[in-house]
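[1] return a 3D structure for these sequence lines:
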Amino acid sequence: HALDVDAAPMSNTLIRLKCTPVHLNFVQNPTSFYPLMRDLTLASSSGFGKHLRKLLLSKSKVGDAGAAALAEVLGRIGKDSLVELDLSFNDIGPEGMAQLAPTLGGLDKLTLLNMAMNRIGDRGVESLVQG
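    A predicted model of the protein is given here:
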């Protein structure tokens, strides 16, 4: 099952789904990043996301400030199932990568991480490798 989301708030919708989506596409999400993370956190408390395999967040305006919120959400949803994560074009720098790296290192099934067009630099890559 796949779910393309382009409106918020959505936590109630996610909780009421009859199936658990395995792909979530928030590419160029027009809503603010923080309500999106809030809604995913709320939905995760009901078990949402435990089978999530693909999360697309390209162009979602994450930035360094949103990286900590994203790390928390990723620790709750898809921890044992996430295979693909697209964080391209999100203005994530070395500080943001330092926030994300420990969580990314704990995503055991992750085989594809797209960080294209961010500004993580050498320090960010080092954080990711040290995970």
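
[2] Ala98 - how many residues pack around it?
    20 (other Cβ atoms under 10 Å). Glycine gets a C-beta too; all of them are placed from N, C-alpha and C.

[3] same check on Gly96?
    The burial count for Gly96: 26, using other Cβ under 10 Å.

[4] check it and give its pLDDT.
    Gly96 carries a pLDDT value of 95.

[5] please identify which helix or strand holds it.
    Per DSSP states H and E: Gly96 is located in helix 94-105.

[6] which stretches of the protein form strands?
    2-4, 23-25, 54-56, 84-86, 112-114 (DSSP state E).

[7] tell me the mean pLDDT over the last one?
    It stands for strand 112-114. On average, strand 112-114 scores 94.

[8] from the middle of its chain, how far away would it be?
    Relative to its chain's centre, strand 112-114 lies at 11 Å (Cα atoms, centre = their mean, to the nearest Å).

[9] the strands of the chain: lowest mean pLDDT?
    Among the strands of the chain, strand 2-4 scores lowest, at a mean of 44.

[10] excluding its backbone neighbours, what's nearest Ala101?
    Take Ala101 and drop its neighbours on the chain: the residue closest to it by Cβ to Cβ, 6 or more residues apart in numbering is Ser127, 4.2 Å away.

[11] just give me the neighbour total for the one you found.
    Using other Cβ under 10 Å: Ser127 sits among 21 other residues.

[12] run a quick check on it versus Ile92, I expect a contact.
    No - in this structure, Ser127 is not within contact of Ile92 by Cβ atoms under 8 Å, at 10.9 Å.
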